[in-house]
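**Q** Give me a model of this one.
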Amino acid sequence: MPNFYLDIETTGLDPGNSEIITIQFGLLDRYTAKPVHPLIILKRWQLSEDELLKQFLLMSKITSVNKWAFIPIGYNLLFENYFLNAKCVEYGLDPPNLVSKPFIDLHPIGILMNRGDFKGSGLDKITNKQHSGRILPQWYADQKYDLIENYINQEFISFIEFLTWLYRRMPQLHTEFKACVCVGSDAFL
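**A** Numbers count the residues shown, from 1 in each chain. The predicted structure is shown next:
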């Protein structure tokens, strides 16, 4: 079961009026969530958008009939799914349909860590990530590609810190929860 970090950067939220700036992904260790290889960053300033998508689909094997060939792990994968699918359809490519196969999205955990509030649950709000990606479209327009790459690498580090922390803590939380459930349902009231 190969788990892969997956994220994209775009010039906006609407795939009909925006483009993909980067697609980044990397193989993670199944048991520790630590990167196995350096992060792969496919860059729009090096490839056309359709070539970027083709390269990603080929390299990742995400459209494989084996649903376990690429298990994406990310933060708000519904956005990646929406954007990648729309762009693949635009270029006549098979959409990956990330959420129709096994995937792990940490955004719901961020929401729960924020006491169920969506506002303030961004990765930049719950980790050491320096800021949101709202500045990336301007950096892309200004051809500040080094700033984009630095942002992507810093975001990846923050995500991996969060994910590896969850890998260590969640089993303990499960044990704690099971102990409370054994006491009785009044323990949660």
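**Q** Check the gap between the spatially most central residue of the chain and D117 for me.
**A** In the chain, the residue lying closest to the centroid (Cα atoms, centre = their mean) is G74, at 2.4 Å. For G74, the distance to D117 equals 21 Å [Cβ to Cβ, to the nearest Å]. Where you see a C-beta, it was placed from the backbone N, CA and C, and this is true even at glycine.
**Q** tally of neighbours for the residue lying closest to G74 once chain neighbours are set aside?
**A** Nearest non-adjacent residue to G74, counting by Cβ to Cβ, 6 or more residues apart in numbering: L6, 4.7 Å away. Number of residues near L6 (other Cβ atoms under 10 Å) recorded here: 26.
**Q** quick one: L6 and P72 touch, right?
**A** Yes. Counting by Cβ atoms under 8 Å, P72 is a contact partner of L6 at 4.1 Å.
**Q** Between these two, which contacts overlap?
**A** 25, 80, 98 (Cβ atoms under 8 Å, 6 or more residues apart in numbering).
**Q** from memory the second one sits against L98, does it?
**A** Yes. Distance between E80 and L98: 6.2 Å, which falls inside the contact criterion (Cβ under 8 Å).
**Q** Now the common contact residues for the two.
**A** Contact criterion Cβ under 8 Å, 6+ apart; residues shared by E80 and L98: 6, 72.
**Q** re the thing from before, how close does the residue nearest to the centre of the chain get to W45?
**A** G74 is 23 Å from W45, by Cβ to Cβ.
**Q** Likewise for F56?
**A** Separation of F56 from W45 (Cβ to Cβ): 15 Å.
**Q** Look at the two and report which has more neighbours.
**A** A direct count of neighbours by other Cβ under 10 Å for F56 and W45 places F56 higher, at 23 against 10.
**Q** just checking, that one is part of a helix?
**A** Yes. Counting by DSSP: H, G, I helix; E, B strand; the rest coil, F56 is part of a helix.
**Q** Go ahead and confirm it touches T22.
**A** No. Using Cβ under 8 Å, F56 makes no contact with T22, being 10.1 Å away.
**Q** who touches both of the two?
**A** Residues touching both F56 and T22 (Cβ under 8 Å, 6+ apart): L42.
**Q** For I71, give me the backbone phi and psi.
**A** Per-residue torsions, I71: phi -100, psi 110 (degrees, to the nearest 10).
**Q** List the beta-bridge partners for it.
**A** Legend: beta-bridge partners of I71 under DSSP bridges are N3.
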